[in-house]
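Enquirer: generate a structure from the sequence data that follows.
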Amino acid sequence: MKKRKEISATFIYSAAGYGDFKASRTSEFCVLGRSNVGKSSFINHVFNNSRLARVSNRPGKTSLANFYALSNDTAWIDMPGYGYAKTGREDKRRWSRLIADYCHKRDNCKGALLLFDIRHPGLAADQQALEWLATLEIPVFYILTKSDKLSKNQGHKQVAQFRALLGAEMDGVAYSIMDQHCREHFWDLFLRWSEEVSV
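Expert: Numbering: from 1, shown residues only. The predicted structure is shown next:
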């Protein structure tokens, strides 16, 4: 079997508001998740580039929408985290507007990668995000982060809980930045999904 070519990403620019986005016809996928869910660590690991996204232990570090061009002629937009963050109320409102404006107005947004902490199914902020994306009819691919924090048996139980919440046919994957096999497994599933939703 021919090995799939590794997909790379290049940071292009950041946007503080919707007006800062550049016009594009490229298929885009936004990366969403609660503050401190591990979006930056996931991005660095999945592209095998530890310097691509800035990682911080402080929730809410990503305060801008970061645009990444991928080598397969698509793009990912890493959005600020929702939910808890040590930041001011005005910043939180700006982040909410940024995410909402992008998802409402960006015609070439083909779907969302929505990250959940595998240890915490059913959090209110995550449920609200799910319901909101459903109203916009934006296809969602789920990533259950931090699976290395659980034993194999615990991980299976948590995945089952998420499947019960999200639907038995959910498109997604459990992910650990400590496991290199997760990267290949993710790309196998995500690329198939992204082709289907981009039609």
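Enquirer: going forward, measure contacts between C-alpha atoms and count neighbours the same way
Expert: OK.
Enquirer: which stretches of this protein form strands?
Expert: Using DSSP state E, the strands of the chain run over 9-15, 27-33, 65-70, 74-78, 109-117, 140-145, 172-174.
Enquirer: strand partners (parallel or antiparallel) of the third one?
Expert: This means strand 65-70. strand 9-15 (antiparallel), strand 74-78 (antiparallel) (DSSP bridges).
Enquirer: what's the most buried one of those strands?
Expert: Comparing the strands paired with strand 65-70 by mean neighbour count (mean count of other Cα atoms under 10 Å), strand 74-78 ranks first with a mean of 22.
Enquirer: so for it, mean pLDDT?
Expert: For strand 74-78, the mean pLDDT works out to 97.
Enquirer: distance to residue 193 for the strands of the chain - can I get that in JSON lines?
Expert: JSON lines is the format used below for the strands of the chain (distance: least, Cα to Cα, whole Å):
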{"stretch": "strand 9-15", "distance to residue 193": "19"}
{"stretch": "strand 27-33", "distance to residue 193": "12"}
{"stretch": "strand 65-70", "distance to residue 193": "16"}
{"stretch": "strand 74-78", "distance to residue 193": "13"}
{"stretch": "strand 109-117", "distance to residue 193": "10"}
{"stretch": "strand 140-145", "distance to residue 193": "8"}
{"stretch": "strand 172-174", "distance to residue 193": "9"}
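Enquirer: looking at the ones you listed, which is nearest to residue 50?
Expert: Checking the strands of the chain against residue 50 by Cα to Cα gives strand 9-15 as the closest, at 11.6 Å.
Enquirer: determine which residue lies closest to the centroid of the protein.
Expert: Geometric centre of the chain, nearest residue: residue 31, 3.0 Å, by Cα atoms, centre = their mean.
Enquirer: list the contacts of residue 64.
Expert: Residue 64 makes contacts with 14, 15, 16, 79, 80, 95, as judged by Cα atoms under 8 Å, 6 or more residues apart in numbering.
Enquirer: and it, how far from residue 32?
Expert: 12 Å (Cα to Cα, to the nearest Å).
Enquirer: same thing with residue 76?
Expert: In terms of Cα to Cα, residue 76 sits 10 Å off from residue 32.
Enquirer: next: residue 192.
Expert: For residue 192 relative to residue 32 (Cα to Cα), the value is 20 Å.
Enquirer: which of the two has more neighbours?
Expert: residue 32 (24 against 10; other Cα atoms under 10 Å).
Enquirer: what pLDDT does the more buried one get?
Expert: At residue 32, the model reports a pLDDT of 95.
Enquirer: how about it: what's its closest non-neighbour residue?
Expert: residue 114 (4.9 Å; Cα to Cα, 6 or more residues apart in numbering).
Enquirer: who does the one you found bridge with?
Expert: residue 32, residue 142.
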